[in-house]
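> need a structure here:
(one chain, ligands or ions: 1)
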Amino acid sequence: MMKPLEGGLVVSCQALEDEPLHGPMHMAAMAIAAKEGGAVGIRANGSADIQEIKRYVDLPVIGILKKRYPGCDAFITPTKADAKLVAEAGADIVSIDATNVSRPEKLEELVHYIQEDLGKRVMADIATLEEGIHAEKIGCDFVGTTLSGYTAETKDRERPDFGLLEKLVQQLAVPVVAEGNISLPAQAKKALELGAFFVVVGTAITRPQLITKKFVEGMRSS
Ligand SMILES: CC(=O)N[C@H](C=O)[C@@H](O)[C@H](O)[C@H](O)COP(=O)(O)O
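This next block holds a predicted model:
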């Protein structure tokens, strides 16, 4: 599981309900395209997308379930029930929100449940060095920079957050994943040079409405 991902590109194929490409067939097609282009893994959201991607693409899948619970800020696979759905859909790694925010269930118990009961590895999506250190301490198998810029504490951070990546690589023994706002091949390369175990890119590859917007805005700028 670890070796095939090392040094490679994982493509995040996600389209929420309000996005034009929402739907398992579209995400499976994106995953097939990613594999053709040389991706070593796929990140996907929700049972239906994960299942469909697994039918067509024989790459490791990092599965998540984005879900909001009243009064809680954690939104990536926040509960054991969510993790179970992700695992049963065929994900090889379950990624969870491991930021220091309000959550419906205890983080330690969620990690333990995914590893022991579901038999899957855990990727911790974090936003700060402290959260990364904590994620390693409670046994997470991967730590990713995914949520830097998306918590109150980190909303003004550089994007991508190479500073956080560097610090995590220096201080952690577990593999560190570079994810979030990587929009150029040169940035993905830099992330590997800084010691990322693998790199996850989503929007820059799989959200055509935002890619288009970037072009349109770029053409208008003086
Ligand atoms: C913050 C959040 O909800 N991140 C999500 C996590 O799965 C996805 O929406 C991102 O697309 C993914 O992390 C890849 O990042 P980017 O699309 O920036 O390459």
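
> What is the burial count for the closest residue to the ligand within the chain?
Residue nearest to the ligand within the chain: residue 202 (2.9 Å; C-beta to the nearest ligand atom). To be clear about C-beta, it is placed using only N, CA and C from the backbone, and glycine gets the same treatment. Number of residues near residue 202 (other C-beta atoms under 10 Å) recorded here: 21.

> On the strand side of things, show who the nearest residue to it once chain neighbours are set aside bridges to.
Of all residues not flanking residue 202 in the chain, residue 12 sits nearest, at 3.2 Å (C-beta to C-beta, 6 or more residues apart in numbering). With DSSP bridges as the criterion, residue 12 is bridged to residue 43.

> need the contact list for residue 12.
42-44, 179, 200-203, 205-206 (C-beta atoms under 8 Å, 6 or more residues apart in numbering).

> picking that back up, right, and the residue of the chain closest to the ligand touches residue 11 too?
Yes: shown here, residue 202 and residue 11 form a contact pair, counting by C-beta atoms under 8 Å, at 7.3 Å.

> shared neighbours of the two, anything?
By C-beta under 8 Å, 6+ apart, the residues touching both residue 202 and residue 11 are residue 43.

> Any regions of this structure where pLDDT drops low?
Applying pLDDT under 70 to the chain flags the ranges 1.

> you'd agree residue 39 is in a strand?
No: per DSSP: H, G, I helix; E, B strand; the rest coil, residue 39 lies outside any strand segment and is coil.

> Any figure for the gap between it and residue 93?
Using C-beta to C-beta, to the nearest Å, we find residue 39 at a distance of 15 Å from residue 93.

> The two: which has the busier surroundings?
residue 93 (25 against 22).

> residues contacting the more buried one?
So residue 93 contacts 1, 60-63, 120-123, 141-142 (C-beta under 8 Å, 6+ apart).
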